[in-house]
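In: let me see the structure of the following:
(4 chains)
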There are 2 protein chains.
Amino acid sequence: MLMGEGVEWGLHCCLALAWLGDQAPVSTGRLAEVFELPPEYLKKRLQPLVRAGILSSSPGPRGGYSLARTPEEISLMDVVAAIEGRQDAFRCTEIRQRGAGAEAAGSEFARPCGVAQAMRRAELAWRRELAAQTLADLIAVSPAAAPARVRRFCRTLS
Amino acid sequence: MLMGEGVEWGLHCCLALAWLGDQAPVSTGRLAEVFELPPEYLKKRLQPLVRAGILSSSPGPRGGYSLARTPEEISLMDVVAAIEGRQDAFRCTEIRQRGAGAEAAGSEFARPCGVAQAMRRAELAWRRELAAQTLADLIAVSPAAAPARVRRFCRTLS
DNA sequence: GGTCAGATACTCGGATACCGATTGTCCGAGTCAGGGAGG
DNA sequence: CCTCCCTGACTCGGACAATCGGTATCCGAGTATCTGACC
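Out: The predicted structure follows:
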């Protein structure tokens, strides 16, 4: 049980794009230099965000990525689900029906597995907490100097 | 981000041991037949539960595993932490300090990373929900016929 | 009958293959910007 | 001087390898129980 690093990358990239505001799109190479990440691999991890409607991509020169919605409309749950997948971390394989359970009446398994229900309840709490936090909340707690620094950094690159 | 199947195995095994009550210990081979699991691998996944003080193992003939505490004193968090590890699923690699962040004042990073804080908040909600559920709660919602069936199944094996 | 030694069976712990998923890299399709020719 | 078209380069997108953690298995060491012989 270990979350891929793509989540951290995606969140920070979305936050940086939010800092930059609604100016020109930012290419993956530019974003990669902002965080010193492998450009090609970063591009691969940002593509699911485009498919999920969180980022929008512009081809051609002066192209790149930009936020598809306002920061208030992008929750952390959206980003995590887009990159890491929407399936639950705990998956019930119904081992209760195997072995000793095979002798039980089928009606006993009409109710969902109690273990799976308990794990699902915990994951729902996790998802609820992620959905309650938006990019706007991250902007609120980020250092005041960060947006200007990233903007200046992108300008000195070109 | 995907939880290992050992968590499901461990939870169901603990639940089965709780069903059986404080009778003789159950060997891994017996438990493996109850759920049709590979015996050797199941043993490897139950060992962390012994180290964590959730199960107690008895060597020699008539040996096996038994619950080390009462079901009320075993939370799902204990089992998950013992098998899956106590480290957070999201790990912050501080990419905010790299690239553009390298030019920032060091004092800016005295506060923890906002992204990591948000992710940690969600994981704490997950852990809190797991810690609130105990094996006794799982027993309460399990089918009434299950304990007797598992007991009978174990008896017909010997 | 009691006691002690040996055999047995079970568990624990580590060492060793195997597999899938994540990580990392590459090339092709599409598109917009810039430059040059023509009017 | 303005307009149009063509070339070019840059972008995204998906397809192709390599590496790592998790899965699965096995074997040796240690120990308590049981059996059997001996006193």
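
In: now check the top helix by length along chain A, is it near chain B?
Out: Of all segments of type helix in chain A, defined using DSSP state H, the longest is helix A:114-132. Yes: shown here: helix A:114-132 in contact with chain B (C-beta under 8 Å from any C-beta of the partner chain) through A:114-115, A:117-119, A:121-123, A:125-130. All C-beta spots, glycine's among them, are computed from the backbone N, C-alpha and C.

In: now swap in stretch A:69-77 and tell me
Out: Yes: using C-beta under 8 Å from any C-beta, stretch A:69-77 comes into contact with chain B via A:Leu76.

In: pretty sure A:Cys14 is in contact with A:Val50, am I right?
Out: No: taking C-beta atoms under 8 Å as the definition, A:Cys14 is not a contact partner of A:Val50, at 11.7 Å.

In: which one's more surrounded, those two?
Out: A:Cys14 (24 against 14; other C-beta atoms under 10 Å in any protein chain shown).

In: quick check: which element contains that one?
Out: helix A:5-20 (DSSP states H and E).

In: report the contact partners of the residue lying farthest from the centre of chain A.
Out: Largest separation from the mean C-alpha position in chain A: A:Glu103, at 43.4 Å (C-alpha atoms, centre = their mean). By C-beta atoms under 8 Å, 6 or more residues apart in numbering or on different chains, the contact list for A:Glu103 reads B:Arg149, B:Phe153.

In: just read off the phi/psi values of the nearest residue to A:Glu123 once chain neighbours are set aside.
Out: Leaving out its chain neighbours, the residue that sits closest to A:Glu123 by C-beta to C-beta, 6 or more residues apart in numbering or on different chains is A:Asp88, at 5.5 Å. With angles defined as degrees, to the nearest 10, A:Asp88 sits at phi -70, psi 150.

In: break down chain A into its strands, ranges please.
Out: In chain A, the strands defined using DSSP state E lie at A:55-58, A:64-67.

In: and the first one, which residues are buried?
Out: To tie it back to what came earlier, the one meant is strand A:55-58. For strand A:55-58, burial by neighbour count (16 or more other C-beta atoms under 10 Å in any protein chain shown) applies to A:Leu55, A:Ser57.
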